[in-house]
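1. sequence plus the predicted model coming up.
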Amino acid sequence: MQPDVPFSCTRETLMHIRQLMALRAVISSGTTTQAAEILGVTQPAVSSLIATLEKEVGFKLFERVKGRLVPTLEADRMAEEAERTIASFRRMEEMARDLRQLAAGQLRIACMPGLALDFMPRVLARFQADKPDIRVSLQIRSSMRVREWIAAQYFDLGIAELPVDDPAIEVEPLQMRCVCVMPEGHPLARKKVITPQDLNEVPFISLNGDHMTYFRIADAFEEAGAKLNVRAEVQLFAPACAMVASGGGVSIVDPVSAKVYEGRGIVARPFQPAIRFDVGLMFPAYRPRSLLMQNFVTTLKQAMHPYLL
């Protein structure tokens with residue numbers, strides 16, 4: 001039986017740690033028999049560890065005085081260092097256990113504003129609830145900047161709009177289906193599904209004309225022979241929802257933003273034909289993901305599942 005060591009390591013290092021533990025135990029107890037009881041090993045095993053250590057260091061560590069082993073000055077000096085070494089390995093053991101159990105670590109996330117202002121903070125808060133030693137850094141930037149940061153490996157996870165074509169980025173694409181939002185009490189709120197014909201010439205709040213969602217909406221209206229009456233353009237879905245809530249018109253937005261504004265002056269209905277909103281979970285390529293990140297991504301996907309196609 002071998003004394004319990006605090007951290008798995010190479011065989012040579014393992015032997016050294018056992019020797020130091022034996023040295024410390026013999027100094028504190030005065031006999032190899034009591035040291036063996038402390039370590040939970042046999043007395044010959046302790047004697048062998050001390051003898052091997054003496055052979056390696058090249059000097060005696062103990063003198064026998066009246067039946068007890070008295071440490072030499074050199075042994076006392078080595079014992080001081082042994083305490084620090086064993087304590088260091090104990091900390092390594094605790095760190096490894098925490099990492100293995102996902103109880104410690106750091107998540108560095110860069111996220112587009114639409115998901116970072118409300119959705120991601122709530123997901124992160126739930127994820128951290130039973131992990132008090134997890135640190136989170138959430139930075140809110142445009143999709144273009146998020147992609148740049150992930151390619152440069154500044155962050156562990158990026159959430160941004162697609163497309164992306166960069167070999168330095170590993171992407172897991174996700175597709176959301178946009179919904180139509182309107183003020184509470186709007187006549188169209190009585191309908192279960194909204195179509196372009198329903199929104200013909202209705203005041204509409206749109207994302208900027210260069211946004212992929214705008215092109216998809218415009219194509220749907222054109223194919224249906226309906227007129228898209230754009231009264232306002234905004235950069236993000238959130239201000240579109242805020243304008244809708246204030247009676248500025250109707251809009252077609254991602255389902256996450258619509259959910260945030262539910263109960264705040266808007267109602268949401270499915271829109272037909274489907275208007276996709278493509279986002280991606282982005283990771284630095286050629287770099288393995290930590291166990292913590294893998295676990296968080298699973299949690300994040302579960303939270304996003306209700307909004308995905």
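-> That came in fine, so what should we check first?
2. burial of residue 252, as a residue count?
-> Taking other C-beta atoms under 10 Å as the neighbour definition, residue 252 ends up with a count of 27. (Glycine included, C-beta is placed from N, CA and C.)
3. which outside residues touch stretch 261-271?
-> For stretch 261-271, the surrounding residues in contact (C-beta atoms under 8 Å, 6 or more residues apart in numbering) are 177-184, 186, 188-189, 191-195, 238, 241-242, 244-246, 252, 255, 258-259.
4. list only buried entries from these.
-> With neighbours counted using 16 or more other C-beta atoms under 10 Å, the contacts of stretch 261-271 contain these buried positions: 177-183, 186, 189, 194-195, 238, 241-242, 244-245, 252, 255, 258-259.
5. doesn't residue 250 make contact with residue 180?
-> Yes: with contact defined as C-beta atoms under 8 Å, residue 180 and residue 250 form a contacting pair (6.3 Å).
6. give me the common contacts of the two.
-> When contacts are counted by C-beta under 8 Å, 6+ apart, the set common to residue 180 and residue 250 consists of 188, 199.
7. just the ones of the buried ones among the contacts of stretch 261-271 in strands?
-> 177, 179-183, 252 (DSSP state E).
8. wait, a helix at residue 231?
-> No: with DSSP: H, G, I helix; E, B strand; the rest coil as the criterion, residue 231 is assigned strand and is not in a helix.
9. if I read this right, it contacts residue 249, doesn't it?
-> Yes: taking contacts as C-beta under 8 Å, residue 231 lies within contact range of residue 249: 5.2 Å.
10. spit out the residues that contact the two alike.
-> Shared between the contact lists of residue 231 and residue 249 (criterion: C-beta under 8 Å, 6+ apart) are residues 203-205.
11. of all the residues you listed, which comes closest to residue 17?
-> When the shared contacts of residue 231 and residue 249 are compared for distance to residue 17, the smallest value, 66.7 Å, is given by residue 205; criterion: C-beta to C-beta.
12. what about that closest one, which SS state?
-> Reduced to three states by three-state DSSP, residue 205 is strand.
13. now residue 286
-> Going by three-state DSSP, the secondary structure assigned to residue 286 is coil.
14. tell me, how many residues neighbour it?
-> As a burial measure, residue 286 scores 9 neighbours (other C-beta under 10 Å).
15. kindly report the same for residue 266.
-> By other C-beta under 10 Å, the residues close to residue 266 number 26.
16. specify the beta-bridge partners of it.
-> Beta-bridge pairing for residue 266 (DSSP bridges): residue 183, residue 262.
17. same deal with residue 160?
-> As assigned using DSSP bridges, the partners bridged with residue 160 are residue 280.
18. isn't it right up against residue 283?
-> No: with the criterion set as C-beta under 8 Å, residue 160 and residue 283 do not qualify as a contacting pair; they are 11.7 Å apart.
19. and the shared contacts of residue 231 and residue 249, which is closest to residue 153?
-> Of the shared contacts of residue 231 and residue 249, the one sitting nearest to residue 153 (C-beta to C-beta) turns out to be residue 205, at 37.5 Å.
20. surely the closest one and residue 251 touch.
-> Yes: with contacts counted by C-beta under 8 Å, residue 205 reaches residue 251, the gap being 4.2 Å.
21. identify the contacts common to those two.
-> 240, 243-244.
22. from those, which land in helices?
-> Counting by DSSP state H, the part of those found in helices is 240, 243-244.
23. redo those residues as a markdown table? Include distance to residue 73 and pLDDT.
-> Putting those into a markdown table (distance: C-beta to C-beta, whole Å; pLDDT from 0 to 100) gives the following:
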| residue | distance to residue 73 | pLDDT |
| --- | --- | --- |
| 240 | 78 | 97 |
| 243 | 81 | 97 |
| 244 | 82 | 97 |
